[in-house]
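In: just to be clear, the model below is a prediction. Sequence and coordinates:
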Amino acid sequence: MTQMIVLPHVELCPEGTVIEAEPGKTICQALLENGIAIEHACEMSCACTTCHVIVREGFNSLEAAEDLEEDMLDKAWGLEPNSRLSCQAEIADTPLVVEIPRYSINMAREGKH
């Protein structure tokens with residue numbers, strides 16, 4: 001198991017937490033399995049940016065993002081160089097520190113589809 005520190009998020013994880021994540025699973029799967037209800041409007045199909053996270057530590061242990069993910073990330077709120085879509089980033093053996101941005105863009109919920 002790989003340790004993943006989730007930094008505090010006002011709504012989803014106010015105190016922050018430390019979880020044990022199974023390598024090979026995505027960050028999104030690990031968050032959901034541990035009771036952190038990160039948005040994933042496209043059901044983890046890399047078609048939105050609602051599951052955007054910033055990997056504060058351990059970023060280089062993740063496989064490189066594919067072109068589709070990079071294209072979607074360009075639309076994410078608060079994009080940073082170490083941003084990933086959590087539904088696409090598979091956990092390896094290196095511990096991670098993950099931040100869930102305060103806001104996300106959900107075109108369907110906001111009536112902009």
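Out: Noted; the coordinates are in hand.

In: pLDDT weak spots in this protein?
Out: 106-113 (pLDDT under 70).

In: tell me which residues touch the spatially most central residue of it, please.
Out: When C-alpha atoms, centre = their mean is applied to the chain, the residue found nearest the centroid is residue 86 (2.8 Å). Taking C-beta atoms under 8 Å, 6 or more residues apart in numbering, we find residue 86 in contact with 26-28, 31, 38, 40, 51-53, 98. C-beta here means a position set from N, CA and C on the backbone, and glycine is covered the same way.

In: check the offset of stretch 51-65 from the chain's centre.
Out: 8 Å (C-alpha atoms, centre = their mean, to the nearest Å).

In: from what I can see residue 49 touches residue 76, true?
Out: Yes: assessed by C-beta atoms under 8 Å, residue 49 is found in contact with residue 76 at 4.0 Å.
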